[in-house]
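A.B. asks: Here is a sequence with its predicted model. Questions after.
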Amino acid sequence: MSELLSKKIIEANNLGKRFTVGQNEVIALENVNIFLHLGESMAVVGPSGSGKSTLLHILGGLDFPNLGQVFIDGRLINDQSDVERTITRNKKIGFIYQFHHLLPEFTAVENVAMPLIIRRLGYKKACQKATTILKQIGLQDRLSHFPSMLSGGEKQRVAIARALVTNPCLVLADEPTGNLDTDNAADVFGLLMERVKISNAALVVVTHDLKLAKKCDKIISLD
């Protein structure tokens, strides 16, 4: 394995997360340890309520563990300020959700370009980069379409392009095919795996579909 490929991009040590619901304490995560190198993929599986989405939110700096540490690209994110975590997410992480969360008033190109625009890249250059990746994933005929004009599978493809347009080193996907039929789910998941491999990013994906999970390099099961 080359030095680049062997670089550990995310590491979580002894993660624990507890919630208080009324007078009861609920253990969402306990003693979770994971790590991934560039180019590796991991599926997170488990029944509903087992803490899959909670784990993903903690790995992405959107939530905090009660115990344990998370390192992204060698940096501890637990003690970063809100501003520092926002910068880390924008520069290092691409997020994909079950529901695409596309902005309805913007075209496919503009939705994909949005993370670059937030980085203060000029509108024209951002749209050029967005156009390139949309063409690469077969949406060259949908560039100027609004989300309402796209199918479910096409919307999720746009969401994948948006997550990858910044060339993140880590992609976090929460049930990215959960809202699609079987055929579309297989196509979108295959595209996600392909594009992540091409970009040499690490991928953590939450899925209830064990057939799709087995396509990843690693599987972690929560209960």
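C.D. replies: Looks like it came in fine. Only a predicted model underlies this, so the values are computations on that prediction, with no experimental measurement involved.
A.B. asks: For the chain, which segments count as helices?
C.D. replies: 52-59, 82-92, 108-118, 123-136, 152-164, 182-199, 210-213 (DSSP state H).
A.B. asks: mind listing what's buried in the third one?
C.D. replies: Residues of helix 108-118 classed as buried by neighbour count (16 or more other C-beta atoms under 10 Å): 108, 109, 110, 111, 112, 113, 114, 115, 116. C-beta: built from backbone N, CA, C; applies to glycine.
A.B. asks: Quick one: residues contacting the residue most central in space within the chain.
C.D. replies: Centroid-nearest residue in the chain, with C-alpha atoms, centre = their mean: residue 172, separated by 2.2 Å. Going by C-beta atoms under 8 Å, 6 or more residues apart in numbering, residue 172 touches 56, 59, 60, 93, 94, 95, 96, 204, 205.
A.B. asks: Could you list the low-confidence segments of the chain?
C.D. replies: Low-confidence segments of the chain, defined by pLDDT under 70: 1-6.
A.B. asks: before we move on, back to that, between the contacts of residue 172, which is nearest residue 184?
C.D. replies: residue 96 (14.6 Å; C-beta to C-beta).
A.B. asks: Please give me every residue in contact with that closest one.
C.D. replies: 156, 159, 160, 163, 171, 172, 173, 174, 176, 192.
A.B. asks: which one is the second one nearest to, not counting chain neighbours?
C.D. replies: In other words, residue 159. Nearest residue to residue 159 in three dimensions, chain neighbours excluded: residue 100, at 4.1 Å (C-beta to C-beta, 6 or more residues apart in numbering).
A.B. asks: So the one you found is in contact with residue 156, correct?
C.D. replies: Yes. Using C-beta atoms under 8 Å, residue 100 is in contact with residue 156, at 5.6 Å.
A.B. asks: Looking at the two now, which is surrounded by more residues?
C.D. replies: residue 156 (29 against 21; other C-beta atoms under 10 Å).
A.B. asks: now that one: how far from residue 114?
C.D. replies: Distance, residue 156 to residue 114, using C-beta to C-beta, to the nearest Å: 16 Å.
A.B. asks: cool, residue 17 as well?
C.D. replies: Per C-beta to C-beta, residue 17 is found 30 Å from residue 114.
A.B. asks: what do you get for residue 96?
C.D. replies: 14 Å.
A.B. asks: same question, residue 143
C.D. replies: 14 Å.
A.B. asks: again with residue 185
C.D. replies: Applying C-beta to C-beta, the value for residue 185 to residue 114 is 25 Å.
A.B. asks: Same check on residue 107?
C.D. replies: 11 Å.
A.B. asks: residues touching the closest residue to residue 197 other than its chain neighbours, list them.
C.D. replies: For residue 197, ignoring the flanking residues on the chain, the nearest one in space by C-beta to C-beta, 6+ apart is residue 39 at 6.8 Å. Taking C-beta under 8 Å, 6+ apart as the criterion, residue 39 is in contact with 5, 197, 200, 201, 202.
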